[in-house]
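Engineer: this is a predicted model, with the sequence first.
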Amino acid sequence: MSERITRDDVVHVARLARLQLSEAEIDRFTEQLGDVLDHAEDVESLDVGDIPPTAHPLPLVNVTRPDELVESLDRFELLAQAPFAEDGHFRVPPVLGEQP
Amino acid sequence: MSAIETARAVRAGERSAVEVLEEHLARIDAREAEIHAFNLVTEESARVQAEAVDATVAAGGDPGPLAGATVALKDNMCTRGIPTTCSSKILEGWIPPYDATVVTKLAAAGAVFVGKTNLDEFAMGSSTENSAFGATHNPLDVSRVPGGSSGGSAASVAAGFAALGIGSDTGGSVRQPAAFCGVVGMKPTYGAVSRYGLIAFGSSLDQIGPFAADVADAAALFDLIAGHDPRDTTSIVDFVPSAGAVLDQGVDGLRVGVVRELSGGPGSVEGISPDVIARTNAAVEALAAAGAEVEEVSVPSATLGLSAYYLVAPAEASSNLARYDGVRFGLRVDGATTGEMNTATRTAGFGEEVKRRIMLGTYALSAGYYDAFYGKALKVRTMMLNDFASVYDKVDVLITPTAPTTAFPMGERSQDPMTMYVNDVCTIPSNLVGHPGISVPFGVGDDGMPVGVQVLAPATHDALTFRVGAVLEAAANAGGES
Amino acid sequence: MTETAEKALPDGWELVVGLEVHVELATVTKLFCGCANEFTSDPNTNVCPVCVGLPGSLPVINAAAVEFAMRLGRALGCEVRPSVMARKNYFYPDMAKDYQTTQYDQPTSIDGELMLGDGAVVGIERAHIEEDAGKTTHIGGGGRINDAEYSLVDYNRAGVPLVEVVSRPDIRTIDHAKAYVSELRDILLATEVSDAKMEEGSMRVDANVSVRPVGSDELRTRCEIKNINSIRSLGRAIEYEALRHIDLYGSGEAPRQETRHWDEAGGRSTPGRSKEDADDYRYFQEPDLVPLRPSADVVAAIDATLPVLPAARRARFAARCTVSAATIATVVERGQDNLALAAIEAGADADKVLTRIENDLAIDDWSLVSVEGLAALISMETAGELTATQTKQVLAQLASQGGDPKAIATELGFEAMESDELDVLVDQLVADNPAEWDRFTSGDDGDRKKMQGFFTGRIMAATRGQADGRAVAEILGRKARG
Ligand SMILES: [Mg+2]
Ligand SMILES: [Zn+2]
């Protein structure tokens, strides 16, 4: 089995991604993600020197929109899709902790 | 009858759009049960659209260039008032309050939407087996996959359920299923078609592309959906699509490059099967016979494409798919706190492949690994852009196989992610650099299933891919190849 | 500005504070969509697919927000440079996409500084563009976050454009922390980038607080204090936090780097989120938006339209007067500094002009007070033609009706006394104050000036301001020459 990613890494990543994994899934993902990362060894081991990164394939810049009002959504239509709405709001279970 | 011909006849009042629609619905009725191309057949709204087209014609008006042409729309594009699922339980039952730009454009052109087509969940897959609502089967052999992730749209066109199909291509998701189903499929230049309303997978890679039974229909569809959209910052401002106008220009004097790294020969990535190599070589010969100058060229970084792609796409996906949290739309599985609710919802709502990619992408971006994985992958993109730029100094277009094999049997690769990922090895490079590519059927492999040949061109030279595709198509037809 | 005298830290300790100020920009619409930048409306009414993070939606950045951000950057003396947006990934229900679109390693503005009233300089590390989150209301449990039964989310504020101004940890006293915020607010108002209302949340201050032994230049563990709602709270919060750190060090412990919440009612800070949520935001460049690259011309055009900023406006008075910095600050803050400056340049006494404006022109509309009128009035007062009380009355009428101060004084019956009556009074004073008279007649210039003030003051007191100052000066001079 690959040593690129450990079970602990998988558990940590699952928590960051808000996914709950069974023990079997943790094992399976540890192995499968390891395979993909093994394959990515060709990229990881590359000497890329000072090649700049390309986050976006097109050289577009400065695309903006004018500061003009556009009609908003109908609240009824929006909240009709909410799993739980109350009093014009989206309702959620208690939130523990502040915004980071 | 082609979509272009249908639209001409409908606009001339020679055929009714309703009648055209009923023919397609009848074919859906006959075979949808064994193919499962659709998540939803939108029979009623399609009739309303077709009747409106006929009414416009009757009133002496112009219902638009695609009047009455039937379209199968991949179910990852938003349709106002019609459920949009991405083939995921997490969006089951969600009804978007807005239309994607492509939907608006096609509706304005008089197209009739017959349904929302199946896909690999959130477009993550190459076989349309990873759907929460069951796999799609290849209409040419229902024991085989149609390819993916736009397998439903490709199968719809191949089965005659719709004249035209709309898919999205992040790593080959239009071109590879087109190849597997024996139809034409094209990925435009990144930014040629608006992504507004396309549910994001890998934002810097995703492009919406056309499917059709022939190159001319695909070009007509492309010309209609392409063009700047102020709602998509990444759409090219001055892009004027003109594929339809160049289809008959031939390839005399055109310089065609065969990419060594994707040709199956020495120095190539492994796993491209001999029958696919043979058909690709035949396609190259056909172009030479039509007057093209052929030479072998090298894109060294193309061999790194697969690795780079499976870092970049999952990284972007891990962020794009965060919003499925049970708060505003779609599925919610309750929990004692919002955090627990988020986790319960995502755990129940996402399928295995989606979870795997979210995990992979989260890992590639996480503290301590960004530079080694995501950061390096972005530098590989630069290397590829440079490699392609020098190759395009020498040649006008490139030829490769679309996929390493023909359509494989269902279930064959679904257990091992890596063997599935290898499917995209020839299509991925053009997503990473944002260049256009088309897959055109060119005969069949040893198993009798279609082989697709891919034509690549520099950014914004989309029309050129159709032009070369038309020559390949003519050669394939003349040789009795398809 | 300072409400209570600053309490010094215990001997041997020095405060190290950096401030992060979130400023809401005064645009018409949100940062990435055309919804109104207005969140006092009914909940979830100023929302659209973009700011609620619906699948398929895409952001398009607001040109005015970018311009405001650059304007603020230049006003803070920053280098305005090419920038990109990035995603900061974390789950929170009022963060619609479960990532914040912000700037990370390539912010719009870097390396500026802010000069405080007393000349102290605080470095500005960066000022970056980002979007605000929605609003979560905690229901039940007294509205306290951790005791709530459930929460309600309103996205009206989601996507409102912010600039986060991050100072360097250059602040060493509580007074300077407060002065920094007050100065920044003046700049925001002067540049019209924001309405800068701290009490309404359009300017939000987080304080990074640490302490160190005097003489050391180390940076010890800091805590970030959030939820500071006024300049007064800022002072209290910093003081509390600094003393908490000193206590911890005193008992052999050390503070932990964390985010803490200022509890204004309780006068203390409490820990924010749990340690479980270790921050790993997986920042990466926002693929849905393209880089911002302001040309030199664009930056020059911004510079050309920048108003003279409060610090420079205050500095214009420094060499001309002896009034307190607070008086100058008030006049500048009220926007009366141009009037004051012109009156001074027309010959009126600078200190008198500034104190009269500060004390007697604290009104909304002073447009009827002309420069000439004010200068003439102050000169009359300085020359002793009007008493302080009379001057105030004339100024009040000048402000409400306009006109000529001399005419108003006459109309109000504020006539100077006849000179023979004055002669008598002066003789009497000379007789009563021989020592002073001696200094007036045979002292140096300083003595002469002082004694002229002494005799003039006595006469004004005796005549309750009715005497004409110039006449008094003339009589004194004549008598001195003998
Ligand atoms: Mg911030
Ligand atoms: Zn909005």
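Structural biologist: Sure, I can see it. Numbering: from 1, shown residues only, chains lettered A, B, ... in the order given. Ligands and ions are numbered 1, 2, ... in the order given.
Engineer: make it CA atoms for all contacts and neighbour counts henceforth
Structural biologist: Fine.
Engineer: ok, B:Val112 - contacts?
Structural biologist: Applying CA atoms under 8 Å, 6 or more residues apart in numbering or on different chains to B:Val112 gives the contacts B:21, B:46, B:49-50, B:67-71.
Engineer: C:Gly159 too?
Structural biologist: Counted by CA under 8 Å, 6+ apart, C:Gly159 has contacts C:30-33, C:51, C:131-134.
Engineer: what of B:Phe122?
Structural biologist: Neighbours of B:Phe122 in contact, by CA under 8 Å, 6+ apart: B:76, B:86-88, B:199-201, B:354.
Engineer: now what about the lowest-mean-pLDDT helix or strand in chain B, what contacts it?
Structural biologist: Sorted by mean pLDDT, DSSP states H and E, the helices and strands of chain B end with helix B:417-421, the least confident at a mean of 84. Residues from elsewhere that reach helix B:417-421, judged by CA under 8 Å, 6+ apart: A:32, A:35-36, B:125-126, B:306, B:413-414.
Engineer: mind listing what's buried in that helix?
Structural biologist: B:417, B:421 (16 or more other CA atoms under 10 Å in any protein chain shown).
Engineer: give me the helices and strands touching the longest strand along chain A, please.
Structural biologist: In terms of residue count, the longest strand belonging to chain A (DSSP state E) is strand A:89-92. Secondary-structure packing of strand A:89-92 (3 or more CA pairs under 8 Å, 6 or more residues apart in numbering or on different chains; DSSP states H and E): strand C:150-154.
Engineer: how about the strand it packs on and chain A, any contact?
Structural biologist: Yes - applying CA under 8 Å from any CA of the partner chain, one finds that strand C:150-154 is in contact with chain A at C:150-154.
Engineer: right, and the helix or strand after the longest helix along chain A?
Structural biologist: Longest helix of chain A, by residue count under DSSP state H: helix A:23-39. Remark: after helix A:23-39, the chain's next helix or strand is helix A:41-44, criterion DSSP states H and E.
Engineer: what's the next helix or strand after that following helix in contact with?
Structural biologist: Under the assignment DSSP H and E, the closest C-terminal helix or strand after helix A:41-44 is strand A:64-65. With contacts defined as CA under 8 Å, 6+ apart, strand A:64-65 is touched by B:230, B:233, C:60-63.
Engineer: in the stretch 51-200 of chain C, where is pLDDT below threshold?
Structural biologist: For the stretch 51-200 of chain C, the stretches flagged by pLDDT under 70 are C:143-145.
Engineer: now chain A
Structural biologist: Scanning chain A for pLDDT under 70 picks out A:1-3, A:98-100.
Engineer: residue contacts, the most centrally placed residue in chain A?
Structural biologist: The residue lying closest to the centre of chain A (CA atoms, centre = their mean) is A:Ala17, at 6.6 Å. Counting by CA under 8 Å, 6+ apart, A:Ala17 touches B:318, B:322, B:358-359, B:362.
Engineer: CSV for the residues you listed, including secondary structure?
Structural biologist: Shown next, in CSV, are these (DSSP: H, G, I helix; E, B strand; the rest coil):
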residue, secondary structure
B:Ser318, helix
B:Ala322, helix
B:Ile358, helix
B:Met359, helix
B:Thr362, helix
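Engineer: just to revisit the earlier point, for the helix or strand just after the least confident helix or strand of chain B, packing partners?
Structural biologist: Once helix B:417-421 ends, the next helix or strand along the chain (criterion: DSSP H and E) is helix B:428-433. Counting by 3+ CA pairs under 8 Å, 6+ apart, the packing neighbours recorded for helix B:428-433 are helix B:305-320, helix B:376-394.
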